[in-house]
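A.B. asks: give me a 3D structure for the following:
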Amino acid sequence: MIKYMKFIILYFVCSLLLNINVNSFENKILLKVNNEIITSIDILNELKYLQIINEEFRGLDKEETFKISKNSVIREKIKEIEIKKIVNEITVEDKILNNLLLNYFKEFEIKTISELDKFFLGNNIDPNTIKKKIKIEMLWNQLIYDKYKQNVKIDRKSIINELKKNDKQTEFLLSEILFNVNDNENLKDKLNLIKNSINKISFSQTAIAHSISETANKGGKLGWIKESVLSKKIYNELKKLKIGELTKPIIVPGGFLILKVTDIREIRKDFNLNEEVNKIVREKTNLQLNRFSNIYFNKVKKDITINEL
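C.D. replies: Numbering: from 1, shown residues only. A predicted model of the protein is given here:
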């Protein structure tokens, strides 16, 4: 009975968050992350933001969208707490921030910051909330780079040799679900949960709900990845698959990885060798840093106290 009543209360809160205007919504403190508060408006803004950037998010039920939005805000707050150990204030130079914002939201064909502000205001979201979100991500990425740059391992020579060896290479359009197993869970049960979710809804919606990767809010989408960017272990798994198929869980730093092949194409190596090598090095670096980001976040989270009020 108690469990049922909790569900009814949660469903009521979700209904409010999904249907109410920010300006007419009574703001309440819902959580404390260490000494930082999270309010109902914070979660409402996140929910509306996720609805904008990912169509798949809109297809989830109200309980799930509330849970995902809440966890996303908590994740951001944990990053902010860690960043503030290094810098006193969450600030980024305006020119750099504006370029990041316009690049991040380029799919919406927004060309100026004024257009961006109008876009979010039109969706009942405070633009300053979005700007702070991007600042936190930028500073977090810088923190991860400074902490782990010495751990990034890339063999430039082998990349050059591989590029010279073949006149074509394969590109995979990939999505990912990264998950780990807590002390009170086992791998088989967690994997069954994820598989059942994929079969019930979709891969991208399951990524939103269950992935711990930075790509989760975008449905796990990684985009087109060249075979030369992938580790041999992952490439050997992918080359066995047809379009639409999934890998078995692959052990990677930070957890277990499931990849979905959305498309495959062959590209000719008609390029400047040095430029292509530099591009591959950057992509490999970003992939490795993303894994280190997940590892460090999980480490930081263990020392965080989260209280629901």
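A.B. asks: show me where the stretch 101-250 of the chain has helices.
C.D. replies: With DSSP state H, counting those that start in this stretch as the criterion, the stretch 101-250 of the chain has helices at 113-122, 127-148, 156-165, 187-200, 203-210, 232-238.
A.B. asks: just say helix, strand or coil for the residue lying closest to Leu246 once chain neighbours are set aside.
C.D. replies: Distances taken as CB to CB, 6 or more residues apart in numbering place Lys260 nearest to Leu246, at 5.2 Å, with adjacent residues excluded. For glycine as for every other residue, the C-beta is placed from the backbone atoms N, C-alpha and C. Classification of Lys260 using DSSP: H, G, I helix; E, B strand; the rest coil returns strand.
A.B. asks: among the helices of the stretch 101-250 of the chain, which is nearest Ser175?
C.D. replies: helix 203-210 (6.0 Å; CB to CB).
A.B. asks: C-alpha coordinates for that closest one, PDB please?
C.D. replies: The C-alpha coordinates for helix 203-210 follow below in PDB (Å, rounded to 0.1, in the frame of the first residue of the first chain):
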ATOM      1  CA  PHE A 203      17.700   1.500 -27.600                       C
ATOM      2  CA  SER A 204      17.900   5.300 -27.500                       C
ATOM      3  CA  GLN A 205      15.200   5.500 -24.800                       C
ATOM      4  CA  THR A 206      16.900   2.900 -22.800                       C
ATOM      5  CA  ALA A 207      20.200   4.800 -23.100                       C
ATOM      6  CA  ILE A 208      18.400   7.900 -21.700                       C
ATOM      7  CA  ALA A 209      17.000   5.900 -18.800                       C
ATOM      8  CA  HIS A 210      19.900   3.600 -17.900                       C
END
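A.B. asks: which strand residues bridge Arg268?
C.D. replies: On the basis of DSSP bridges, Arg268 is bridged to Lys168.
A.B. asks: correct me if wrong: it contacts Lys168.
C.D. replies: Yes: using CB atoms under 8 Å, Arg268 is in contact with Lys168, at 5.7 Å.
A.B. asks: tell me the domain boundaries of this protein?
C.D. replies: 2-149, 168-272 (automatic domain parsing).
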